[in-house]
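Engineer: A structural model of the following input is requested.
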Amino acid sequence: MAKYMDVHEGFVGVTREQLEQAHQADLAIEDEEGVHFERAWLDPESGKVFCLSTRRSPTERARAVSRRRRCERPG
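Structural biologist: Numbers count the residues shown, from 1 in each chain. Okay, here's the model as predicted:
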């Protein structure tokens, strides 16, 4: 399996705590999705979230999982 970095935009105002909650939600379903979510980083100024994962292919379920478990945007 290979490592991939996904970048998500539009998370201005998301707290580190919210990011951690979203990452924990990803970890809870990673086995059923065939993806291991290693780590997530937040750049609060740009609103970008970077997610490092291990999976078989760039498109294999990780994007769907990220969309499904994306951190709640404030407001």
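Engineer: Tell me which residues touch the nearest residue to E9 once chain neighbours are set aside, please.
Structural biologist: Excluding the flanking residues, the one nearest E9 by C-beta to C-beta, 6 or more residues apart in numbering is K48, at 5.6 Å. To be clear about C-beta, it is placed using only N, CA and C from the backbone, and glycine gets the same treatment. When contacts are counted by C-beta atoms under 8 Å, 6 or more residues apart in numbering, K48 touches 7-9, 11, 42.
Engineer: my guess is A22 contacts C51, does it?
Structural biologist: No. Using C-beta atoms under 8 Å as the test, A22 is too far from C51 to be in contact (9.3 Å).
Engineer: Check the model's average confidence along the helix or strand E30 falls within for me.
Structural biologist: Here E30 sits within helix 16-33, counting by DSSP states H and E. Average pLDDT, helix 16-33: 86.
Engineer: What is the helix or strand that comes right after that helix packed up against?
Structural biologist: Counting by DSSP H and E, the next helix or strand C-terminal to helix 16-33 is strand 36-43. Applying 3 or more C-beta pairs under 8 Å, 6 or more residues apart in numbering; DSSP states H and E, we find strand 36-43 packed against helix 16-33, strand 48-55.
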